[in-house]
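**Student:** Structure, please.
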Amino acid sequence: MPDACGFDLQFEWGPNGLERLGPGAAGIVIVDVLRFSTAVSVAVDRGATVLPYPWADDHAETYAAQHNALLAGACAGEPGAPRWSLSPVDLGRLRAGTRLVLPSPNGSELAYRARRHAPHAAVLAGCLRNASAVARAAASSLRSGPVAVIAAGERWPSDALALRPAVEDLVGAGAVLRALRVLSGVAPGRVSPEARAAMAAFDEARDDLEDWLLASASGRELVARGRRDDVSAAAALDVEAVAPVLVGAGFVGAPARSPGHLR
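**Tutor:** Numbering: from 1, shown residues only. Next comes the predicted model:
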């Protein structure tokens, strides 16, 4: 069996996974279905630019000002202006051309770190809504090296440093990997066991994605906070044909170049 460096399609979890696979990858897909990468997909599909940034960082306002961007969670500066958040439903109201710093404790921080761990890799934000579009964009990276899909996961309430693998990210990563495997024709032996397990999870869930997400621990937490609509939005498969690609400090939209999707 080949080692990790011998696989064209790879899958891992969280910051440690990014640190392990990122330096050798030609393409990196960050997956945080509930909710960062779903929010990014919605925003860039509407012509916005999303700048990832670590959660609870005291310099976020300064960072936003330096990049001529709004900061999610802060006032937009005009009377009655919305306070943007990680809600993909709310971000559906973004205007084209908006620049938004969107911190989160998992996906956004991973995307921000990716520039350091893999400065030469193409970095994308993947989810169920854009799985095939992201796969098409990531496929071009395979000519230069492997593609690593990194699931963000969640954090345990009792230990903010401990990663909790999240089923919605496993399924979302599997959707991207399944589309990438189909589009690129990568041989089964060149797909890591971890990536194959993620694809198997997606194959099991694909006919009932909303039910799976609503029943997940993260989904139940959002429903309890009154954000069932965000979970439903995150469960929609291949409804956006724009792949969010990190260019400089922000994710921008890369339109799909060829047809085909998972549905």
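**Student:** list the buried ones in stretch 184-198?
**Tutor:** Across stretch 184-198, burial judged by 16 or more other Cβ atoms under 10 Å covers 184, 186, 190-192, 194-196, 198. From N, CA and C alone the C-beta is placed, and that goes for glycine too.
**Student:** same question but for stretch 150-159, I mixed them up
**Tutor:** Buried, per 16+ other Cβ under 10 Å, within stretch 150-159: 150-155.
**Student:** need those in a markdown table with pLDDT, can you?
**Tutor:** As requested, the buried residues of stretch 150-159 are exported to a markdown table (pLDDT from 0 to 100):
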| residue | pLDDT |
| --- | --- |
| Ile150 | 98 |
| Ala151 | 98 |
| Ala152 | 98 |
| Gly153 | 96 |
| Glu154 | 94 |
| Arg155 | 89 |
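**Student:** Out of these, which sit inside helices?
**Tutor:** In helices, judged by DSSP state H, none of the buried residues of stretch 150-159 are found.
**Student:** Run through the residues that contact Ala111.
**Tutor:** 30, 36, 52, 123, 125, 246, 251 (Cβ atoms under 8 Å, 6 or more residues apart in numbering).
**Student:** burial count for Val208?
**Tutor:** Slight slip there: residue 208 is Asp, not Val. By the measure other Cβ atoms under 10 Å, the count of residues near Asp208 is 12.
**Student:** sorry, back to before: which one of the contacts of Ala111 is nearest to Ala131?
**Tutor:** Ala125 (11.4 Å; Cβ to Cβ).
**Student:** Let me see the contact set for that closest one.
**Tutor:** Here Ala125 is in contact with 29-32, 36-37, 40-41, 50, 107, 111, 134, 244, 246, 251 (criterion: Cβ under 8 Å, 6+ apart).
**Student:** Restricted to helices, list those residues.
**Tutor:** 36-37, 40-41, 107, 111, 134.
**Student:** most surrounded residue in those?
**Tutor:** Ser37 (38 neighbours).
**Student:** hmm, back to that, which pair of the buried residues of stretch 184-198 spans the longest distance?
**Tutor:** Maximum distance among those (Cβ to Cβ): 17.5 Å, for Ser184 and Glu194.
**Student:** Scan this protein for its longest helix.
**Tutor:** helix 167-184.
**Student:** Would you mind listing the buried residues in that helix?
**Tutor:** 167-181, 183-184.
**Student:** For the chain, which segments count as strands?
**Tutor:** 9-13, 27-31, 49-54, 70-71, 99-104, 122-126, 147-151, 154-156, 159-164, 242-247, 250-255 (DSSP state E).
**Student:** Would you format the ones you listed as JSON lines with distance to Ala205 included?
**Tutor:** Shown next, in JSON lines, are the strands of the chain (distance: least, Cβ to Cβ, whole Å):
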{"stretch": "strand 9-13", "distance to Ala205": "16"}
{"stretch": "strand 27-31", "distance to Ala205": "14"}
{"stretch": "strand 49-54", "distance to Ala205": "26"}
{"stretch": "strand 70-71", "distance to Ala205": "34"}
{"stretch": "strand 99-104", "distance to Ala205": "23"}
{"stretch": "strand 122-126", "distance to Ala205": "16"}
{"stretch": "strand 147-151", "distance to Ala205": "14"}
{"stretch": "strand 154-156", "distance to Ala205": "18"}
{"stretch": "strand 159-164", "distance to Ala205": "18"}
{"stretch": "strand 242-247", "distance to Ala205": "22"}
{"stretch": "strand 250-255", "distance to Ala205": "25"}
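**Student:** mind checking which of those strands is nearest Arg220?
**Tutor:** Using Cβ to Cβ, the nearest of the strands of the chain to Arg220 is strand 154-156, at 11.9 Å.
**Student:** Understood, closing this out.
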